[in-house]
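Fold the stuff below for me.
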Amino acid sequence: MNTTTIEWTDRTWNPVTGCTRVSPGCDRCYAENIARRFAGGAAFPNGFAVTLHPERLDAPRRWRRPARVFVNSMSDLFHNDIPDEFVLAVFQTMADTPQHTFQILTKRPARMRAFCDRLGFRDPTRAEAAAGHLSIAYLEDHPADVAPWDAWPLPNVWLGVSVEDQARAELRIPALLRTNAAMRFISAEPLIGPLDLETWFKHVQTPACDRCSVKGALDWHSGHLWGRCDCTCHPGSRPNRLDWVIIGGESGPGARPMDLTWARNLIELGRVAGFAVFMKQLGTAWARRHDWCRSPKGADMEDWPERLRVRQMPAQAASAIGSAR
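Predicted coordinates:
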């Protein structure tokens, strides 16, 4: 599947399909429904069981037009059943195609953080760049298969986590903020409970560096949480901040309702704190209560209350902050 109807991206790339449920946001997973419907075919030979598709790894290299690419819309790149070497091959393709912007969304941020921490030491100017330091057996056996990268974090890779409610936010956002990334985002879809992100913009101190215990220093600057570690353990590290929030109500049969107040609160916080907000849809439950809706998922902006008609990309929020200074 290359093109997509997902409003915040241009196309999808699925070198892996299949997943397993980890939290309430998975209960009505669209990917699972699609995979089970077409199980046994070329796209989903094993239904929704985790399946690697190595023949798809080179696909972005063949795309002529630059695009925003949602990676593994039908899976989770950091699922435990996906070997390190395959995840690394996905990152290699992304490194080799800087004309594209890759958007990775996970419900498993602990593995994402650990994996990216190891990749961060692949800077060829550092002694630790030896393949063995990465602790990935594949690299030790095939060091020539992976070319050195010019920069880390990869500037064309956005990392995000799914947070359907406050409990999942408190589990996943801290790990995301401690993952070095060019851009960090969250997807509050399906939003099935109130979500308060203010905590992550009002911390007074940052945790100690996990390698040398040096404390970082935080400044409240244009609504962002900035974390700077004084040590040299994390070359090229960037401010610990959320750049983008996607909001969406659940779709499909039995969809749980999203209270529009939850969405309004996130939009208002984004305006004050300076992160971009993308209101994707109001959900099937809302659309069914308003039978004049043009979209069964409540995805047509013209049907929404005016205050909810916000679809920003991260660069737009950054530009607005700059013009306000």
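
The closest residue to Leu177 other than its chain neighbours in helix, strand or coil?
The shortest distance from Leu177 to any non-neighbouring residue, by CB to CB, 6 or more residues apart in numbering, is to Asn240 (4.5 Å). In this view, the C-beta of every residue, glycine as well, is placed from N, C-alpha and C. Under DSSP: H, G, I helix; E, B strand; the rest coil, Asn240 falls in the coil class.

Checking the residue minimising distance to the centre of the chain next. Helix, strand or coil?
In the chain, the C-alpha nearest the mean C-alpha coordinate belongs to Gly160, at 2.1 Å (CA atoms, centre = their mean). Secondary structure, three-state DSSP: Gly160 is strand.

again with Asn46
Put simply, Asn46 is coil when judged by three-state DSSP.

ok, it - contacts?
Going by CB atoms under 8 Å, 6 or more residues apart in numbering, Asn46 touches Gly18, Ala39.

hmm, try it at 10 Å
Thr17, Gly18, Ala35, Ala39, Gly40 (CB atoms under 10 Å, 6 or more residues apart in numbering).

And it, its phi and psi?
Backbone torsions for Asn46, taken as degrees, to the nearest 10, come to phi -110, psi 30.

circling back: my read is that the residue nearest to Leu177 contacts Leu176, right?
Yes - assessed by CB atoms under 10 Å, Asn240 is found in contact with Leu176 at 9.2 Å.

Just give the nearest non-adjacent residue to Asp81, would you?
Val50 (4.2 Å).

And that neighbour, how far from Asp76?
9 Å (CB to CB, to the nearest Å).

Remind me what the host helix or strand of Arg61 packs against, helices and strands.
Using DSSP states H and E, Arg61 maps to helix 59-62. Under the contact criterion of 3 or more CB pairs under 10 Å, 6 or more residues apart in numbering; DSSP states H and E, helix 59-62 touches strand 11-13, strand 68-71, helix 84-96.

Apply 7 Å and report the result again.
Judged by 3 or more CB pairs under 7 Å, 6 or more residues apart in numbering; DSSP states H and E, the packing partners of helix 59-62 are helix 84-96.

The helix it packs on - contacts with which helices or strands?
For helix 84-96, the packing partners by 3+ CB pairs under 7 Å, 6+ apart are helix 59-62, helix 137-141.

Flag every buried residue along the helix holding Arg61.
Ala59, Pro60 (16 or more other CB atoms under 10 Å).

Show me how far it is from its chain's centre.
21 Å (CA atoms, centre = their mean, to the nearest Å).

pLDDT of the helix or strand that contains Pro174, averaged?
Per DSSP H and E, Pro174 falls inside helix 166-177. The average pLDDT within helix 166-177 is 96.

Check which helices and strands it sits against.
helix 109-119, strand 157-162, strand 183-188.

mind putting these in TSV, distance to Trp286 included?
Listed next are the helices and strands packed on helix 166-177 as TSV, based on distance: least, CB to CB, whole Å:
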stretch	distance to Trp286
helix 109-119	29
strand 157-162	20
strand 183-188	15
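
so what's Val161 bridging to?
Beta bridges link Val161 to Thr106, Ile186, judged by DSSP bridges.

quick one: it from Ser23, how far?
11 Å.

for Ala255, what are its contacts?
By CB atoms under 7 Å, 6 or more residues apart in numbering, the residues touching Ala255 are Arg28, Gly283, Thr284, Ala285.

how long is stretch 90-104 end to end?
Across stretch 90-104, the terminal residues are separated by 11 Å (CA to CA, to the nearest Å).

Pull out the buried positions in that stretch.
Within stretch 90-104, the residues scored as buried using 16+ other CB under 10 Å are Val90, Phe91, Thr93, Met94, Ala95, Thr97, His100, Thr101, Phe102, Gln103, Ile104.

now swap in stretch 7-25 and tell me
8-19, 25.

chain center to it: distance?
The answer for stretch 7-25 is 10 Å, by CA atoms, centre = their mean.

cool, and stretch 66-75?
Taking mean C-alpha positions (CA atoms, centre = their mean), stretch 66-75 and its chain are 10 Å apart.
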